[in-house]
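Asker: give me a 3D structure for the following:
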Amino acid sequence: MPPINLNFASALYDRVLPMAMGEAQAPGLSVNFIEIHHPRDVFDRMIANREFDASELSSSEYITRYCAGDRSFIALPVFLSRAFRHSFIVVNKDRIKKPSDLNGKRIGVQLYTMTAAVYIRGLLQHEYGVDLSSIEWVEGKMEGPGAHGKPSSLPTLKPVKITSNTKPKSLSQLLEDGEIDATLGADIPECLGRAPHIERLFPDFKEVEKAYYKKTGIFPIMHLVVLRREYYEQHKFAASSLFNALNDSKNIALARMKSTGALRYMLPWLPQYLDETREAFGDDFWPYGVEPNRKTLEALVQYLEEQSMVEKGAPVDELFAPVRTTNFVIR
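Answerer: The predicted model follows:
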């Protein structure tokens, strides 16, 4: 039987490159890798038009739709993008000295519903006692006027103070000009490093993030992988096949990064970074599967509930297709 075609869209991360180049195979599938540079474009095209058989997708957008009863997609426990976000909170230091100073302020965010913002609000609330309900959220592009992409995000279930940036300025310029007090999200405003009154809320973010992980076990997951439900129902084996190919691809990339005789990346002190990362996380610091990521996933579902994006969060195991590896089943 010839392999089944599968169109897979994502950014060309190091962890998908071996699969994109054909080194990591998906048995029974002929994978057509479609490189799309900006993840927002992947999300918008997948959600609005179902353009691909599989793709990376915003974790928060997938979970909110699933909890609202939309079963258009089924997720795989493959986490292509993850990042600590303390360093992405940028403030007017004349007004904001500590996290509690954010109470009652106007904060720019690309999208209220974006996963990065969900995790940031969660850590501000739980670690620093910030009253999220007191804040006005100003949505828009970080480096230009207008909206961030063409998202079709679901509305919040309870009233939240969200306004759109209708001025001919970027969020970065609004922050520099004092029209908002801070920005947070998935990008850093370009005014950081240029305007003397603009700083990160946590200048020593690396140490803060390491302490946060040690305390909570949360390594924020931004993007997961989904299959179109119709495709999955027709080809159930594709979930396991694609999971294993992506997991193999990640492991190949990880092994190459750890081989430092010739540096894989343009980071002069990559060996030191690897040593520090192993010390904090252990040897597999980018695991796939639900179980090693349970705390992070459960935190995201909790934050989505608290931030009025889902009425009741689903158990994390329910969100993912069961996938079979050589010796055992991972959910």
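Asker: check contacts around Tyr119.
Answerer: 85, 218, 220, 299-300, 303 (Cβ atoms under 8 Å, 6 or more residues apart in numbering). All C-beta atoms are positioned from the backbone trio N, CA, C, and that covers glycine.
Asker: just the element for it, please.
Answerer: helix 115-128 (DSSP states H and E).
Asker: could I get the following helix or strand past that helix in CSV with only the CA atoms?
Answerer: Counting by DSSP H and E, the element after helix 115-128 in chain order, helix or strand, is strand 136-139. C-alpha atoms of strand 136-139 as CSV (Å, rounded to 0.1, in the frame of the first residue of the first chain):
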residue,chain,number,x,y,z
GLU,A,136,-6.6,47.5,30.9
TRP,A,137,-5.2,45.4,28.1
VAL,A,138,-4.4,47.2,24.9
GLU,A,139,-4.1,44.8,21.9
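Asker: give the pairing partners of strand 136-139; include direction for each.
Answerer: strand 106-109 (parallel), strand 162-164 (parallel) (DSSP bridges).
Asker: what does that strand contact?
Answerer: Outside strand 136-139, the residues within contact range by Cβ under 8 Å, 6+ apart are 105-112, 147-148, 160-165, 171, 174, 180.
Asker: of those residues, keep whichever come out buried.
Answerer: Neighbour-count burial (16 or more other Cβ atoms under 10 Å) is assigned, among those, to 105-112, 148, 160, 162, 165, 171, 174, 180.
Asker: wait, Ala68 sits on Leu154?
Answerer: Yes: at 5.9 Å, Ala68 and Leu154 qualify as touching, with contact defined as Cβ atoms under 8 Å.
Asker: can you give me phi and psi for the residue most central in space within the chain?
Answerer: Central residue of the chain (Cα atoms, centre = their mean): Met222, 1.2 Å from the mean position. Met222 adopts backbone torsions of phi -90, psi -50, taken as degrees, to the nearest 10.
Asker: can you check Tyr66 too?
Answerer: Dihedral angles for Tyr66 - degrees, to the nearest 10 - are phi -60, psi -50.
Asker: other SSEs contacting the strand ranked longest in the chain?
Answerer: Secondary structure assigned by DSSP state E gives strand 73-82 as the longest strand of the chain. Counting contacts by 3 or more Cβ pairs under 8 Å, 6 or more residues apart in numbering; DSSP states H and E, strand 73-82 packs against strand 54-58, helix 59-67, strand 221-228, helix 229-234, helix 237-258.
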